[in-house]
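Student: my questions concern the predicted model and sequence given below.
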Amino acid sequence: MDAIVQETAGDGADVTSGNAVTYMNNRKLIRTESSVLVSSSPWLNEPRLREWIATESLRRNGPDYPLLYGMSAMIHGLDDTRDHERIDALIKAERKINPKLDAWFEERFISTFTLDDLGQNPAGSVGRLLFDHMTQLGLSPELLHQRMEDPNWAPESDFDYFTLRTGQTHDLDHLLGEVGFDVIAEIFPTGLRTGNMFAHVSPELAGELLTTNTMVIFPWFMRCMLNYPQAWPMMWHNLNHGYTVGQQSDMLFTAKLEDVWHLSPAEARDALGVRGWQGPNDSRAASRIFGEGYEII
């Protein structure tokens, strides 16, 4: 086999050629004066994101390393990398042609519900199921890191509001899908939100609004396939099921969960326009494989 040779390109870069393996040719080697990694991708240029993706894609699971350990650094890296002006422009453009989305942003509803509020709902209702889950694990209704760090934090931009409200409504996706709250069950909300976003807003905006979820969840797919292939079929099922539901349903990511707390999951699906649901799913066995004996790690 011929060795790769370098031919000088017109712009001063080098181009590989002369290899019998076709895809080893035509690699343009761009010279740089930078002493650190530099790329056309802002995601690759951010060291906190590189560390997160590499670790979360390749590692095994275990109780010594919590499931979301390192997430705070990743989120800060993500916030620093995002093109907020572009996101704001995409939202503004979408609001002009999407009346329902525009009304949702215009209202800017922020929930102030407490665990006590959830606990007052009837047994078997969405609100009571959420109360049972949170009290069992000692969870707080607040998920957004900005409000955890500063309870007085309030969204200034439409994107900030979207981020806040997404955290407040995330658990509703679990309950609508009747998938539980174990690790592999987390894949259903990812599929649901992804399918729903691409069904109701432009692909460019959907991609921006899904970036955090993409960074958190999608490395699990590589980790699962590499280390826990027995759990892969259930992981893929939850993603596919959630995506199917999201594509066929009304704009669920703008739903006001407070309006359906008193309803059963089935009643809530009807009230919110959920379609394509294929039935409840128990992924705890797969989660114990993925979690090396633990359902939540």
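Tutor: Cool, got the structure.

Student: now for A73: which residues touch it?
Tutor: By C-beta atoms under 8 Å, 6 or more residues apart in numbering, the residues touching A73 are R48, E51, W52. Heads up, the C-betas are built off the backbone N, CA and C, glycines and all.

Student: so which strand or helix has it?
Tutor: Assigned by DSSP states H and E, A73 belongs to helix 71-81.

Student: compute the inter-axis angle for whichever helix in the chain runs longest and helix 71-81.
Tutor: Ranked by residue count under DSSP state H, the longest helix found in the chain is helix 158-177. Here helix 158-177 points in a direction 140 degrees away from that of helix 71-81 (axes from the mean of the first three to the mean of the last three C-alpha atoms, to 10 degrees).

Student: got a list of what S264 touches?
Tutor: G124, S125, V126.

Student: ok, back up a step: in strands, which of the contacts of A73 fall?
Tutor: Using DSSP state E, the subset of those located in strands is empty.

Student: can you pull out the helices in the stretch 51-200 of the chain?
Tutor: Applying DSSP state H, counting those that start in this stretch to the stretch 51-200 of the chain gives helices spanning 71-81, 84-97, 99-107, 115-119, 126-137, 145-149, 158-177, 187-200.

Student: list the contacts of the last one.
Tutor: With contact meaning C-beta under 8 Å, 6+ apart, helix 187-200 is reached by 98, 101, 166, 170, 173-174, 176-177, 179, 205-206, 209-210, 213, 217-218, 220, 235, 238-249, 251-253, 281.

Student: and the next helix or strand after that helix, how far out from the chain's middle?
Tutor: Heading C-terminal from helix 187-200, the first helix or strand you meet, by DSSP H and E, is helix 203-209. Here the centre of helix 203-209 is set off from its chain's centre by 12 Å, with C-alpha atoms, centre = their mean, to the nearest Å.

Student: swap in stretch 281-297?
Tutor: That offset, for stretch 281-297, works out to 19 Å (C-alpha atoms, centre = their mean).

Student: same question, stretch 238-257
Tutor: The answer for stretch 238-257 is 13 Å, by C-alpha atoms, centre = their mean.

Student: cool, and stretch 49-58?
Tutor: Taking mean C-alpha positions (C-alpha atoms, centre = their mean), stretch 49-58 and its chain are 15 Å apart.

Student: could you do stretch 69-78 as well?
Tutor: Taking C-alpha atoms, centre = their mean, one finds the center of stretch 69-78 at 13 Å from the center of the full chain.

Student: circling back: now tabulate the contacts of A73 in JSON lines and tack on neighbour count, distance to A268 and pLDDT.
Tutor: JSON lines is the format used below for the contacts of A73 (neighbours: other C-beta atoms under 10 Å; distance: C-beta to C-beta, whole Å; pLDDT from 0 to 100):
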{"residue": "R48", "neighbour count": "17", "distance to A268": "37", "pLDDT": "97"}
{"residue": "E51", "neighbour count": "14", "distance to A268": "39", "pLDDT": "96"}
{"residue": "W52", "neighbour count": "21", "distance to A268": "34", "pLDDT": "97"}
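
Student: between these, which sits nearest P265?
Tutor: Checking the contacts of A73 against P265 by C-beta to C-beta gives W52 as the nearest, at 33.2 Å.

Student: contacts only, for that closest one.
Tutor: Applying C-beta under 8 Å, 6+ apart to W52 gives the contacts G70, M71, A73, M74, G77, M215, P219.

Student: check E186 too.
Tutor: I217.

Student: switch to 10 Å and redo it
Tutor: 67, 170, 173-174, 179-180, 213, 216-217, 220, 235, 238, 283, 287, 296 (C-beta atoms under 10 Å, 6 or more residues apart in numbering).

Student: and I87, how many neighbours?
Tutor: Neighbourhood size, I87 [other C-beta atoms under 10 Å]: 19.

Student: got it, and I217?
Tutor: 20.

Student: list the residues that contact it.
Tutor: So I217 contacts E56, E186, I187, P189, T190, G191, R193, T194, L210, M235, L239 (C-beta under 10 Å, 6+ apart).

Student: ok, 7 Å please
Tutor: Counting by C-beta atoms under 7 Å, 6 or more residues apart in numbering, I217 makes contact with E186, I187, T190.

Student: how about N238?
Tutor: By C-beta under 7 Å, 6+ apart, the residues touching N238 are V179, I184, A185, I187, F188, G191, N281, S283.

Student: tell me the phi and psi of the residue nearest to the fourth one when sequence neighbours are not counted?
Tutor: To tie it back to what came earlier, the one meant is I187. Nearest residue to I187 in three dimensions, chain neighbours excluded: N238, at 3.9 Å (C-beta to C-beta, 6 or more residues apart in numbering). Main-chain torsions, N238, degrees, to the nearest 10: phi -60, psi -40.
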